[in-house]
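>>> Got a predicted structure here, sequence first:
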2 protein chains.
Amino acid sequence: MISLAGGIPAPDLIDTEGLEAATFRAVESARNATYQYGLTEGELFLREEIASRMVAQGISAEPDHILVTSGSQQALDIVARAFLDEGDSVLVEEPTYLAALQVFNMAGAKTLVFQGDQYGIDFTRLESLVANNRIKLMYLVPNFSNPTGTTLRLPERTKLVEFAIRHDIMIVEDDPYGDLRYDGEHVASLFEIAEQSFNSKNRVIYISSFSKTVAPGLRLGWCIPPESYFHSLCRAKQSMDLHSSTLSQYTAGYYLKSGRLDGRLQLLKKAYKCRRDALIKAISEHLPDALELNVPDGGMFLWGRFANGLDASLVLQQALSHHVMFVPGKYFYCEIPDLSSVRLSFSTITPSLADEAVKRLAIAIQRTEQRETQG
Amino acid sequence: MISLAGGIPAPDLIDTEGLEAATFRAVESARNATYQYGLTEGELFLREEIASRMVAQGISAEPDHILVTSGSQQALDIVARAFLDEGDSVLVEEPTYLAALQVFNMAGAKTLVFQGDQYGIDFTRLESLVANNRIKLMYLVPNFSNPTGTTLRLPERTKLVEFAIRHDIMIVEDDPYGDLRYDGEHVASLFEIAEQSFNSKNRVIYISSFSKTVAPGLRLGWCIPPESYFHSLCRAKQSMDLHSSTLSQYTAGYYLKSGRLDGRLQLLKKAYKCRRDALIKAISEHLPDALELNVPDGGMFLWGRFANGLDASLVLQQALSHHVMFVPGKYFYCEIPDLSSVRLSFSTITPSLADEAVKRLAIAIQRTEQRETQG
């Protein structure tokens, strides 16, 4: 089976050697502390390393206001639990990250959708949603979003921040892919825009993760909330799991301290760009008219649409029997799904696999079209 | 500061050497898998090790029905989220584990209290609570409870299981201290009683943890729910943190596989028994009339009551200025707290410290009494 379905970092690109050295160092240097209870907000040692990376990216962050979480998934869950009551609403892009929707639903909140891609945002719709609902949060993946791979442009970011300030809505900026840009220029984060352009330190909760860049198995992410919310988020974290694995935290801390991450990011970006391009090339060769694509500047995902309204779920059935898989895009919608949409992950598809993957996909599409015609 | 406050395993008794070897083995044997995404329910390798320990304790558990969690704290949170809706009620012992109360409160549930100690249970009260409330769960720490150190006797356990079956209430059996019995005989778990005596496999969710026996910093616990609830608990876990740290899981798995835990438990039990006895001896010498004590058969806690209704919070104020601390018992109550009650943890108090700790406590009590008399 060739999988274009996962959202996982390439196993062959995980810096196993560097991580092993970091784990050894964690065990040898930290000794007992590695296995004992730690602070709810996370080990200071790790928070300092995260803070200095954040500051380098334009996000002012004191170690004392960074909350280490068990992956960005838990950061989302903490935010949802601290902010949302039954009947509250959350603004989300359509389509958006599936597991975020699950978290908001589990918190009893309603999700209201808006289009948030690089082609602009419908602010008229946003204003009418705000007028008719009790909206507490706005959730965004502004860089190389999952599933669409799109990146929100600076003017849209600025307008969204202004909108959120005007309507007293907290922005949740989920940024697991921000370090994986391999084309184009860095766009300032919503967190930075709120501070720099609007002098507002109270508007954005920034969330990120080591899962796409260092190692998912450590289950470590972090969130940087406005200072006034820090303690209530810590209390939520405490009742959820007391704190995140100390062994994982020391490993991540020593890995960052080793200075290997920047080199690894260069390597990851080069490899992912190459994989993206190989997949696009294979699609243009074998599926010249069957699949319209968004081409992302970073991250792990191609987002596409089968021509002639072909149902991606039916294509998937055929694809599975030809040993290739992907995710139909419909799962990422809250309201009316585009049944022809599809998410293709290229992170684990080496260039030599891409051709074979797309050939199989082409057969699956052909079979689906034949069946549809017969039906 | 001498702390009788913590509920932490003794740092000097953590098997650092064995854990380091297990971590090294995890890194060397599992390589890439140690750092990659894993299964939501936990690594099979670890679930097999847990299952075989559980079976040896009379708890029938298939690896496929064990959910690995980020500490028992997360297991509680998962259960609360999967079972409780706003307005539901949970039966809890009074006093009980503070962080469990926080979890139930965060889930919007009401906690209803009953006395659940070794002296018997007021079933008349339980019946009247059931008649007037929508009760979903009953939460218990049956072995060496936190805070009181008491253990529920077999007849009471059996009656409680019968009661829960009759009223369709799910029992949450929280058992982090069960392995730390150093006096008396093992009492069958509620899980085992439900299966063996009532042929009911659907009544008890068993929860335990490696935090008191192996290493808290790994943040690993597990729960064994009835089979029919397994998938809904997994879904909750998935939206909370996807899965627990793979590095921690492999470390725990290799540690169990090394066979060192049973020897370590013998050592822990011997040391804790000795620490308990030294603290009791010091109390009988320096506070012969000032503190009435429960003497537990295991675990980490002495529970007591200051004579003459002395307020434990006032004693604590004096104690802190004499560099000794403990937890006033009032924090473990939902309803009417016993202000004179106190929890003394002996796990980190070596016999040579016990005398000094209690001398300081005696001065604090004396000062408090003097102030009360003056006031």
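Received it, and whenever you're ready, just let me know what you need.
>>> Verify the stated contact: A:Arg201 with A:Phe191.
Wrong residue type there; residue A:201 is Lys, not Arg. No. A:Lys201 is not in contact with A:Phe191 according to C-beta atoms under 8 Å; the separation is 9.4 Å. C-beta coordinates here come from the backbone N, C-alpha and C atoms, glycine included.
>>> These two: who's more crowded?
Legend: neighbour count by other C-beta atoms under 10 Å in any protein chain shown for A:Lys201 and A:Phe191, higher for A:Phe191 (26 against 13).
>>> Please tell me how far the more buried one sits from A:Leu67.
The spacing between A:Phe191 and A:Leu67, counted by C-beta to C-beta, to the nearest Å, is 14 Å.
>>> how close does the residue lying closest to A:Leu180 once chain neighbours are set aside sit to chain B?
Counting by C-beta to C-beta, 6 or more residues apart in numbering or on different chains, A:Gly298 is the residue found nearest to A:Leu180 once chain neighbours are left out, at 4.7 Å. Per C-beta to the nearest C-beta, to the nearest Å, A:Gly298 is found 20 Å from chain B.
>>> do A:Asn132 as well
Applying C-beta to the nearest C-beta to A:Asn132 and chain B gives a distance of 24 Å.
>>> any idea how far that residue lies from A:Glu93?
Taking C-beta to C-beta, one finds A:Asn132 at 19 Å from A:Glu93.
>>> so A:Leu344 sits in a strand?
Yes. Under DSSP: H, G, I helix; E, B strand; the rest coil, A:Leu344 sits within a strand.
>>> near chain B at all, stretch A:221-228?
No. Legend: contact between stretch A:221-228 and chain B by C-beta under 8 Å from any C-beta of the partner chain is lacking; minimum distance shown is 9.2 Å.
>>> Run through who's touching that stretch.
The contact list for stretch A:221-228 (C-beta atoms under 8 Å, 6 or more residues apart in numbering or on different chains) reads A:42, A:47, A:50, A:54, A:59, A:61, A:65-75, A:78-79, A:176, A:191, A:201-211, A:233.
>>> Narrow the residues you listed to just the buried residues.
A:42, A:47, A:50, A:54, A:59, A:61, A:65-75, A:78-79, A:176, A:191, A:203-211, A:233 (16 or more other C-beta atoms under 10 Å in any protein chain shown).
>>> I'd like to know which of these are part of helices.
Counted as lying in helices by DSSP state H, out of the buried ones among the contacts of stretch A:221-228, are A:47, A:50, A:54, A:71-75, A:78-79, A:191, A:233.
>>> As a markdown table, those with pLDDT would be great.
What follows is these, written out as a markdown table (pLDDT from 0 to 100):
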| residue | pLDDT |
| --- | --- |
| A:Arg47 | 98 |
| A:Ile50 | 98 |
| A:Met54 | 97 |
| A:Gly71 | 97 |
| A:Ser72 | 96 |
| A:Gln73 | 97 |
| A:Gln74 | 98 |
| A:Ala75 | 98 |
| A:Ile78 | 98 |
| A:Val79 | 98 |
| A:Phe191 | 97 |
| A:Leu233 | 97 |
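>>> Alongside chain B, which residues does the stretch 151-300 of chain A contribute?
Within the stretch 151-300 of chain A, the positions lying close to chain B (C-beta under 8 Å from any C-beta) are A:211, A:215-219, A:236, A:238-248, A:251.
>>> could you redo the last one with a cut-off of 6 Å?
A:215-217, A:219, A:239-242, A:245-248 (C-beta under 6 Å from any C-beta of the partner chain).
>>> Which pair in the residues you listed has the greatest spatial separation?
Across these, the longest distance by C-beta to C-beta is 26.8 Å; it joins A:Ala215 and A:Ser239.
>>> out of the two, which sits in the more crowded spot?
The neighbour count for A:Ala215 versus A:Ser239, taken as other C-beta under 10 Å, is higher for A:Ala215 (28 against 24).
>>> Skipping adjacent residues, who's closest to that one in space?
Using C-beta to C-beta, 6+ apart, the nearest residue to A:Ala215 is B:Tyr35, at 3.7 Å.
>>> Tell me the predicted confidence for the one you found.
Here the pLDDT value assigned to B:Tyr35 is 94.
>>> my read: it touches A:Glu20, true?
No. Contact criterion C-beta atoms under 6 Å: B:Tyr35 and A:Glu20 do not qualify, at 8.8 Å.
>>> Looking at these two, which has the bigger crowd around it?
Set side by side, B:Tyr35 and A:Glu20 show more neighbours around B:Tyr35, with 28 against 19, by other C-beta under 10 Å.
>>> ok, back up a step: now, which of the residues of the stretch 151-300 of chain A next to chain B sits nearest B:Arg264?
Ranked by distance to B:Arg264 (C-beta to C-beta), these are led by A:Leu247 at 17.7 Å.
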